[in-house]
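Novice: Attaching a predicted model along with its sequence, questions to come.
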Amino acid sequence: MTVLAWDSLGSIATVGVFGPALVLVALVVGAVVRDRKLAAREREKDDAEPPTPPPAS
């Protein structure tokens, strides 16, 4: 019984340490993917617009 109790406490501690770390990694990956999608949309929009001519001087 003691071994089972100790083993489950170790599992809880492992989840307690790695759970928040995995959540943080997922948030960072999600933010990077979102940023790249937004940047690609902006580039696509900029490419679709005709370039503005330089000002005449």
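Specialist: Alright, I've got the coordinates. Not measured: the values here are computed from a predicted model.

Novice: contacts and neighbour counts: CA atoms only from here.
Specialist: Noted.

Novice: where along this protein do the strands fall?
Specialist: Applying DSSP state E to the chain gives no strands.

Novice: measure the most centrally placed residue in the chain to T52 for me?
Specialist: Central residue of the chain (C-alpha atoms, centre = their mean): V29, 2.1 Å from the mean position. Using C-alpha to C-alpha, to the nearest Å, V29 is found at 36 Å from T52.

Novice: Now do stretch 10-21, average pLDDT.
Specialist: The predicted model gives stretch 10-21 an average pLDDT of 86.

Novice: Please renumber the chain so that the first residue is 890 from this point on.
Specialist: Sure thing, new numbering starts at 890, so read that last one as stretch 899-910.

Novice: List the buried residues of that stretch.
Specialist: Within stretch 899-910, no residue is scored as buried using 16 or more other C-alpha atoms under 10 Å.

Novice: chain center to that stretch: distance?
Specialist: 21 Å (C-alpha atoms, centre = their mean, to the nearest Å).

Novice: ok, now stretch 919-938?
Specialist: For stretch 919-938, the distance to the chain centre is 15 Å (C-alpha atoms, centre = their mean).

Novice: Output it as PDB, nothing but the C-alphas.
Specialist: Output in PDB follows, covering the C-alpha atoms of stretch 919-938 (Å, rounded to 0.1, in the frame of the first residue of the first chain):
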ATOM      1  CA  GLY A 919      -0.400  29.100 -30.500                       C
ATOM      2  CA  ALA A 920       0.800  32.700 -30.400                       C
ATOM      3  CA  VAL A 921       3.600  32.100 -32.900                       C
ATOM      4  CA  VAL A 922       1.200  30.300 -35.300                       C
ATOM      5  CA  ARG A 923      -1.300  33.100 -35.000                       C
ATOM      6  CA  ASP A 924       1.400  35.800 -35.500                       C
ATOM      7  CA  ARG A 925       2.600  34.000 -38.700                       C
ATOM      8  CA  LYS A 926      -0.900  33.700 -40.100                       C
ATOM      9  CA  LEU A 927      -1.500  37.400 -39.500                       C
ATOM     10  CA  ALA A 928       1.800  38.400 -41.000                       C
ATOM     11  CA  ALA A 929       1.100  36.200 -44.100                       C
ATOM     12  CA  ARG A 930      -2.400  37.900 -44.500                       C
ATOM     13  CA  GLU A 931      -0.700  41.300 -44.300                       C
ATOM     14  CA  ARG A 932       1.900  40.400 -46.900                       C
ATOM     15  CA  GLU A 933      -0.800  39.000 -49.100                       C
ATOM     16  CA  LYS A 934      -2.800  42.200 -48.800                       C
ATOM     17  CA  ASP A 935       0.200  44.400 -49.400                       C
ATOM     18  CA  ASP A 936       1.100  42.300 -52.500                       C
ATOM     19  CA  ALA A 937      -2.500  42.800 -53.900                       C
ATOM     20  CA  GLU A 938      -2.300  46.600 -53.600                       C
END
